[in-house]
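Visitor: Sharing a model that was predicted from the sequence below.
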Amino acid sequence: EAQVTQNPRYLITVTGKKLTVTCSQNMNHEYMSWYRQDPGLGLRQIYYSMNVEVTDKGDVPEGYKVSRKEKRNFPLILESPSPNQTSLYFCASTTQGQGITGELFFGEGSRLTVL
Amino acid sequence: GENVEQHPSTLSVQEGDSAVIKCTYSDSASNYFPWYKQELGKGPQLIIDIRSNVGEKKDQRIAVTLNKTAKHFSLHITETQPEDSAVYFCAASKGLNFNKFYFGSGTKLNVKP
């Protein structure tokens, strides 16, 4: 089954404790991206990656890091989480280049609470 | 960057009625406008999209219209059903590879049986 898998789905942590949210897709997509969803603000792009070893900032990258060492994986790293990073996070992927449709395939979300 | 505004934030309709959600965008270079539906506890899913060379697109009970001059696009759902209840997001993107997507703030649609 074609899917984007995020882990963990739920996490409560404390300020300053490094954490990683993993994202994996099995559709051989070149493009992957992270979004955060906050009430009244919709989905805001954190980082995106056009392909392996190629990453770029979205609109709200402060406090986050990403890496793209393999095509299927795109982890989101919070080096020193703060309460304003409490949010619902989504990973998404899509094709690039030949066969591009523009459709984003989203994971089921990771709800993060930073105390 | 692009700014996408979406209205209304909540919409309540009776089953069988129509629902319309509207979005405006600021960057005239945007050329791709998808609509996503997010059901409770799930990730958004694409329901319909439109490119800037088309003014209207329809898929069964769902249609999207685009007015490039006014820089706004709308989602129309006819004969609404309770399973249409969800949060809907509009988005805008541009360029050949759609590398950045800008989303509206979302509309919570409630269809009352």
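Guide: Happy to help now that I have it.

Visitor: tell me the mean pLDDT for the helix or strand hosting A:Thr20?
Guide: Here A:Thr20, judged by DSSP states H and E, is contained in strand A:19-25. If you average the pLDDT over strand A:19-25, you get 97.

Visitor: Tell me which residues of the longest strand along chain A come out buried.
Guide: Ranked by number of residues, the top strand in chain A under DSSP state E is strand A:42-51. Across strand A:42-51, burial judged by 16 or more other Cβ atoms under 10 Å in any protein chain shown covers A:42-50. In this view, the C-beta of every residue, glycine as well, is placed from N, C-alpha and C.

Visitor: What of stretch B:26-33?
Guide: Buried residues in stretch B:26-33, counting neighbours by 16+ other Cβ under 10 Å, are found at B:30-33.

Visitor: Closest one of the residues you listed to chain A?
Guide: Within those, the smallest distance to chain A is 5.3 Å, found for B:Tyr32 (Cβ to the nearest Cβ).

Visitor: just for chain A, where's the confidence low?
Guide: Within chain A, the stretches with pLDDT under 70 are A:97-101.

Visitor: Flag every residue of it that's near chain B.
Guide: A:4, A:31, A:33, A:35, A:40-45, A:48, A:50, A:56, A:58-59, A:90, A:92, A:94, A:96-97, A:100, A:102-104, A:106-109 (Cβ under 8 Å from any Cβ of the partner chain).

Visitor: Give me the PyMOL select line for these, limited to the buried ones.
Guide: Here is the PyMOL selection string for the buried members of the residues of chain A next to chain B, based on 16+ other Cβ under 10 Å:
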select buried, chain A and resi 4+31+33+35+42+43+44+45+48+50+58+90+92+94+96+102+104+106+107+109
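
Visitor: Just the residues of chain A next to chain B: which are in strands?
Guide: Judged by DSSP E, those include A:4, A:31, A:33, A:35, A:42-45, A:48, A:50, A:56, A:90, A:92, A:94, A:106 as members of strands.

Visitor: Report whether stretch B:58-75 contacts chain A.
Guide: No: judged by Cβ under 8 Å from any Cβ, stretch B:58-75 and chain A are separated, with a smallest distance of 13.4 Å.

Visitor: if I look at the residue in chain A positioned nearest to chain B, how far off is A:Gln37?
Guide: Nearest residue of chain A to chain B (Cβ to the nearest Cβ) works out as A:Phe106 at 3.2 Å. A:Phe106 sits 10 Å away from A:Gln37, going by Cβ to Cβ, to the nearest Å.

Visitor: Any chance you could list residues touching both of these two?
Guide: A:Phe90 (Cβ atoms under 8 Å, 6 or more residues apart in numbering or on different chains).
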